[in-house]
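Participant: No sequence on hand, only this structure:
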């Protein structure tokens, strides 16, 4: 059973990296972008779900929070473009509750690490945990804003979709690079992992700025329609 789940996890993680990269390259809103985006969503959901299951199957069970957070980001990103402009409902309320619960879980882990109650498994772990905690809190604030504003419109709606999808891709690429870099010489492992994560974060920043601070939306969306 473990081998089967691990195989699915690796296959879906690889597919997620490839389809997520393709989604960034295709014109936003185009048919190919939507097609590979659907593949990315499905691959990421399977990857995250199997990751959480595998954590529970370790000799010393690990945390399932990372997998659940990935599912949260991917589903909220997907639902953002499924909703009509200015539309909210039970899903957004559920997303807020989920983000608050995940924020609390990450915060407790960060606190335990800060006071020395737990030990980091590697030198990168504290930075990753503190960073994920901050992003999760930001996501919770964003969910609350969507509810209070009764939905999003225009470029802000697309920006929410983009940064959450890119963050899901960031998680996938980071995991993929962390595992794959183990076969590389120790001298270059950290460089490969760091470079892969910087590339995805740079893409997320680029598209966020382009959507929110230029006239890209007014030109691209009518063309896509």
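Facilitator: Great, that's in hand. In this text the structure is predicted, and so the values were computed from the model without any measurement.

Participant: lowest average confidence, helix or strand, in this structure?
Facilitator: Least confident element among the helices and strands of the chain, by mean pLDDT, DSSP states H and E: helix 216-224 (a mean of 69).

Participant: Leaving aside the residues adjacent along the chain, what's closest to residue 159?
Facilitator: residue 211 (4.7 Å; CB to CB, 6 or more residues apart in numbering). Quick note: C-beta positions are derived from backbone N, CA and C, even for glycine.

Participant: before we move on, which element is that neighbour in?
Facilitator: Following DSSP states H and E, the helix or strand that holds residue 211 is helix 186-213.

Participant: Likewise for residue 10?
Facilitator: When elements are defined using DSSP H and E, residue 10 is found to belong to helix 2-25.

Participant: From the chain's centroid, how far away is the helix or strand following that helix?
Facilitator: Per DSSP H and E, helix 2-25 leads on to helix 31-56 as the next helix or strand towards the C-terminus. Here helix 31-56 is found 10 Å from its chain centre; the criterion is CA atoms, centre = their mean, to the nearest Å.

Participant: Sketch out the low-pLDDT regions of this structure for me.
Facilitator: Along the chain, the parts satisfying pLDDT under 70 run over 60-61, 178, 180-184, 187-190, 221-225.

Participant: what about residue 103, distance to residue 135?
Facilitator: Plainly put, residue 103 is 9 Å away from residue 135 if you go by CB to CB, to the nearest Å.

Participant: quick one, phi psi at residue 58?
Facilitator: The phi/psi pair for residue 58 (degrees, to the nearest 10) reads phi -70, psi 160.

Participant: show me what contacts it?
Facilitator: Residues in contact with residue 58 (CB atoms under 8 Å, 6 or more residues apart in numbering): none are found.

Participant: I'd like to know how far it sits from residue 213.
Facilitator: Using CB to CB, one gets 44 Å for the distance from residue 58 to residue 213.

Participant: circling back to that earlier point, now do the residue nearest to residue 159: how many residues are near it, please.
Facilitator: 22 (other CB atoms under 10 Å).

Participant: Ok, residue 30 next?
Facilitator: A count of neighbours around residue 30, defined by other CB under 10 Å, yields 12.

Participant: what helix or strand is the spatially most central residue of the chain on?
Facilitator: The geometric centre of the chain, computed from its C-alpha atoms, lies nearest to residue 168 (CA atoms, centre = their mean), at 1.8 Å. Residue 168 is part of helix 154-180 when elements are defined by DSSP H and E.

Participant: re the thing from before, who has more neighbours, residue 103 and residue 135?
Facilitator: Here residue 103 and residue 135 are compared on neighbour count by other CB under 10 Å; more neighbours surround residue 103, at 21 against 18.
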